[in-house]
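Chemist: I'd like to go over a predicted model; first the sequence, then the structure.
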Amino acid sequence: MNQYSLGYFAAAIGAGLAVIGAGFGIGKIGAAAMEGTARQPAAGGDIRTSMIIAAALIEGVTLFAEVVCIILAVKV
């Protein structure tokens with residue numbers, strides 16, 4: 001075990017938490033969109049558009065977190 005092992009471990013844990021959080025967030029968005037469409041089918045297009053925009057924002061933040069973790073792992 002070298003002196004950088006804890007830094008690599010922290011980067012891996014951070015990347016894993018970012019992906020898990022994004023998965024839960026997009027899942028909740030999808031569930032809420034399906035429920036909203038079931039309650040009001042006429043608004044399905046607007047709900048779908050809002051869902052896609054929110055999912056894209058979550059994925060963008062997740063990608064940023066992944067890049068930070070990769071930079072942390074490389075710098076260590």
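Modeler: Good, I have the coordinates. Residues are numbered from 1 along each chain as shown.
Chemist: for the rest of this, base every contact and every neighbour count on C-alpha atoms.
Modeler: Noted.
Chemist: which parts of the longest helix seen in the chain are buried?
Modeler: Assignment by DSSP state H gives helix 5-39 as the longest helix of the chain. Neighbour-count burial for helix 5-39 flags 7-8, 11-12, 14-15, 18-19, 22-23, 25-26, 29-30, 33-34, 37 (criterion: 16 or more other C-alpha atoms under 10 Å).
Chemist: immediately after that helix, which helix or strand?
Modeler: Counting by DSSP states H and E, the next helix or strand C-terminal to helix 5-39 is helix 44-75.
Chemist: list the buried residues in that following helix.
Modeler: Under 16+ other C-alpha under 10 Å, the buried positions of helix 44-75 are 44, 47-48, 51, 54-55, 58-59, 62-63, 65-66, 69-70, 72-73.
Chemist: quick one: distance of the longest helix of the chain to the chain centre.
Modeler: Centre-to-centre, helix 5-39 and its host chain are 4 Å apart (C-alpha atoms, centre = their mean, to the nearest Å).
Chemist: elements contacting it?
Modeler: Counting contacts by 3 or more C-alpha pairs under 8 Å, 6 or more residues apart in numbering; DSSP states H and E, helix 5-39 packs against helix 44-75.
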